[in-house]
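Novice: Here is a sequence with its predicted model. Questions after.
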Amino acid sequence: MILALAGGVGAARMLSGLVQVVEPSRITAVVNTGDDLVLHGVKVCPDLDTVTYTLAGMINPETGWGLRDETWSAMAELREYSRGRLGWFNLGDRDLGTHLYRTSRLAEGATLSAVAAEIALRWGVHCRLLPMTHDRVETKVVITVDGADAEVDFQEYFVHRRHAVAVSAVRFAGVDSASAAPGVLESISSAERIVICPSNPLVSIAPILATGGIAEAVAAVRSKVTAVSPIVGGRALKGPADRMLSELGHTSDAAGVARLWAPYAATMVIDEVDAGLATAVEDTGMRAIVAPTVMSDAGKAAALAEVVLGQEKESRS
């Protein structure tokens, strides 16, 4: 079994490559739920849904989230009712059906893991998708609002403010009392190989590792863990990972990511444009593999998956 630690868009693309080279039923993804929120009365799980829709071939290619060929009537009505005050977090009409179903099933007593499996089945996704926890963990970020520090929910920063403001701190509210979801720790210990996907290290992968013994479980099998850098040429391909790394005191490059993942992964794949950083990566105690990491199409995603699983590229090649 191949296990992936997964955030949103970057992880979804990595998983779309893995399913091309490994039987999907042999893949388990432990997915970040720190970004989850209740909005307009419905439970929204952005990373779980992005992974599901991508693997189903239904992701909106223009945004990297939501469904392709979506309509927006419900949001348009909500904005009219609220005179524009509500509706900053877009939920397409079909996507809204997912959230309504999830909310009703949770209210009936189903677990988030069970609902994630039901939603995956509806979309023909045969990977096992596990939320990192069934407990409430909320990613909070500190930003400056009207000249003063303010702690806000991650989606307030990421979507409402379009991640256009600097972050001075990140906190995972509730993580100290959160337990890993059933099956997560067992899957880590029994995995043939573990992949830390190219997701934002600070707000997509860090909350997973901070939850209920997951970090310790991954560190215990470090020799089987390969990380893929989400930073290419000093930039994040999507989202604010590069800026957040700098703002929070890390180096915004592949070597900076390596320093974060060195306790958990023995190997790190970095892009060809970052070949000059291979020595810095290996100075952290990791093996550096240089390969194309930009998954701009299905073939490139599959090629990267083969590198990650087969590691056929020479170290520092």
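Specialist: Nice, thanks for sending it over.
Novice: Helices of this structure, residue ranges please.
Specialist: In the chain, the segments counted as helices under DSSP state H are 9-21, 46-55, 73-82, 93-107, 112-122, 154-155, 184-190, 206-209, 214-220, 241-247, 254-261, 278-282, 298-310.
Novice: correct me, but I2 touches V21?
Specialist: No: the criterion here is Cβ atoms under 8 Å, and I2 misses it with V21 at 9.5 Å. Where you see a C-beta, it was placed from the backbone N, CA and C, and this is true even at glycine.
Novice: shared neighbours, those two?
Specialist: L309 (Cβ atoms under 8 Å, 6 or more residues apart in numbering).
Novice: What sits closest to G10 if chain neighbours are left out?
Specialist: P198 (4.1 Å; Cβ to Cβ, 6 or more residues apart in numbering).
Novice: what's near enough to touch the one you found?
Specialist: P198 neighbours (Cβ under 8 Å, 6+ apart): G10, A11, R13, M14, V228, S229, P230, L237, T293.
Novice: Mind putting those residues into CSV with neighbour count?
Specialist: Converted to CSV, the contacts of P198 look like this (neighbours: other Cβ atoms under 10 Å):
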residue, neighbour count
G10, 27
A11, 29
R13, 29
M14, 28
V228, 30
S229, 25
P230, 29
L237, 20
T293, 28
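Novice: residues of stretch 72-81 that come out buried?
Specialist: W72, A74, M75, L78 (16 or more other Cβ atoms under 10 Å).
Novice: And for stretch 225-242?
Specialist: Under the neighbour-count criterion of 16+ other Cβ under 10 Å, stretch 225-242 has 225-232, 234, 236-237, 239-242 buried.
Novice: try stretch 208-218
Specialist: Quick answer for stretch 208-218 (16+ other Cβ under 10 Å): I208, L209, A210, T211, G212, I214, A217, V218.
Novice: Confidence-wise, which of those residues comes last?
Specialist: Lowest pLDDT among the buried residues of stretch 208-218: G212, with 95.
Novice: Hmm, G174 and that residue touching each other?
Specialist: No: G212 is beyond contact range of G174, at 11.1 Å (criterion: Cβ under 8 Å).
Novice: When I2 and V21 are compared, which one has more neighbours?
Specialist: I2 (23 against 16; other Cβ atoms under 10 Å).
Novice: Which pLDDT value belongs to the closest residue in space to the more buried one that isn't next to it in sequence?
Specialist: Closest residue to I2 apart from its sequence neighbours, by Cβ to Cβ, 6+ apart: I27 at 5.0 Å. With respect to pLDDT, I27 has a value of 98.
Novice: I27 reaches A6, doesn't it?
Specialist: No: contact criterion Cβ under 8 Å: I27 and A6 do not qualify, at 10.3 Å.
Novice: Low-confidence regions, the stretch 201-317 of the chain specifically.
Specialist: 311-317 (pLDDT under 70).
Novice: which ones are touching the spatially closest residue to S223 that is not a sequence neighbour?
Specialist: Using Cβ to Cβ, 6+ apart and skipping the chain neighbours, the partner closest in space to S223 is A266 (5.0 Å). A266 sits next to R222, S223, K224, V225, T226, M286, R287 when contact means Cβ under 8 Å, 6+ apart.
Novice: and those, which are buried?
Specialist: So, by 16+ other Cβ under 10 Å, the buried ones in the contacts of A266 are R222, K224, V225, T226, M286, R287.
Novice: burial measure for the nearest residue to the fifth one once chain neighbours are set aside, as a count.
Specialist: To tie it back to what came earlier, the one meant is M286. Spatially, and ignoring its direct neighbours in sequence, M286 is nearest to M268 (4.9 Å; Cβ to Cβ, 6+ apart). By other Cβ under 10 Å, 25 other residues sit near M268.
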